[in-house]
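[1] Provided below are the primary sequence and the corresponding predicted coordinates.
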Amino acid sequence: MLTVQTVTAFEDNYIWLIRHPDQPQVIIVDPGDATPVIATITAQSLKPVAILITHHHWDHVGGIEDLLARWAMPVYGPACETIPHISQPLAESDHHVHIEALAADFQVLHVPGHTTGHIAYYHPASNTDGHGMVFVGDTLFAGGCGRLFEGTPVQMHDSLSRIAALPDNTRVYCAHEYTADNLAFARIVEPDNLTLQTRQQTVHQHREQGQATVPSLLGVEKATNPFLRCGQANIIRAAEGFSGHKLHTNAEVFAAVRHWKDTLD
């Protein structure tokens with residue numbers, strides 16, 4: 001069984017450490033800052049064996065060089081993005097990553113939109129814990145999704161649909177603590193969603209207590225995240241109300257909702 005440990009960085013970033021609970025080997029996901037990662041690894045006598053990178057933004061890759069200066073290990077990441085120190089570039093034809101030290105296989109999902117080459121890493125549920133895990137970088141957030149810095153709305157909608165096709169019991173490990181803000185916007189789009197209202201209350205309580213709201217469950221995202229609900233009639237009506245015209249596809253609805261949030265950020 002793989003477990004995931006949270007390392008906080010900067011103001012709201014999450015770096016993820018994947019390991020077996022009784023073994024020192026650890027995989028590092030999106031180390032934007034080496035300092036807290038090194039502190040955690042040394043304090044717990046862990047042994048880094050690989051780095052997984054989702055995309056090229058500095059707050060996901062900035063710590064790679066310092067980590068490699070201490071520990072030799074492969075660095076996996078998207079082949080079509082310029083990322084220093086990538087030793088295992090993953091092209092569209094590469095569908096899996098195997099980390100032998102942990103006997104772990106990850107499915108590589110190509111999810112462009114936030115950046116051109118953004119990828120995610122999915123590990124299916126084990127028999128012992130019943131939850132899969134997906135490391136989505138900045139494509140999907142708890143209650144929201146990433147901005148479209150390089151890709152198109154159609155690309156991002158397709159990418160989110162690819163993630164949404166995973167099992168509902170998949171834990172979603174995104175890279176930022178944006179949940180409260182995302183759910184405030186979701187309530188604007190979908191004010192009568194009772195499940196969303198309950199989630200917002202729970203998130204508020206967690207943040208008041210200084211607790212993280214990530215990971216979330218994909219099934220919860222499908223029930224409360226407007227960017228995964230663009231085929232719902234009430235979301236379509238809200239998006240058309242904002243845009244002022246008829247929207248003909250779910251991708252057009254997504255584009256309208258994403259633009260709507262951009263105008264409020």
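    Ah, there it is. Everything numeric here is computed off the predicted structure, so don't read it as measured data. Numbers count the residues shown, from 1 in each chain.
[2] which secondary structure elements does the helix or strand hosting residue 207 contact?
    In the assignment (DSSP states H and E), residue 207 maps to helix 194-208. Here helix 194-208 is seen to pack against helix 179-189, helix 218-224 when contacts are counted using 3 or more Cβ pairs under 8 Å, 6 or more residues apart in numbering; DSSP states H and E. Quick note: C-beta positions are derived from backbone N, CA and C, even for glycine.
[3] and the angle for it with helix 179-189?
    Regarding helix 194-208 and helix 179-189, their directions subtend 150 degrees when assessed with axes from the mean of the first three to the mean of the last three Cα atoms, to 10 degrees.
[4] pull the residues that contact helix 194-208.
    Judged by Cβ atoms under 8 Å, 6 or more residues apart in numbering, the contacts made with helix 194-208 from elsewhere in the structure are 143, 179-180, 183-184, 186-187, 190, 212-213, 220, 223-224.
[5] export it as CSV, just CAs?
    Output of helix 194-208 as CSV, limited to C-alpha atoms (Å, rounded to 0.1, in the frame of the first residue of the first chain):
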residue,chain,number,x,y,z
LEU,A,194,-26.8,21.3,-1.2
THR,A,195,-23.8,19.0,-1.4
LEU,A,196,-21.7,22.0,-2.4
GLN,A,197,-23.1,24.0,0.6
THR,A,198,-22.2,21.2,3.0
ARG,A,199,-18.7,20.9,1.5
GLN,A,200,-18.1,24.6,1.8
GLN,A,201,-19.0,24.5,5.5
THR,A,202,-16.7,21.6,6.1
VAL,A,203,-13.8,23.3,4.2
HIS,A,204,-14.4,26.5,6.3
GLN,A,205,-14.1,24.5,9.5
HIS,A,206,-10.9,22.8,8.3
ARG,A,207,-9.3,26.0,7.3
GLU,A,208,-10.3,27.7,10.6
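[6] what's the offset of that helix from the middle of its chain?
    Relative to its chain's centre, helix 194-208 lies at 20 Å (Cα atoms, centre = their mean, to the nearest Å).
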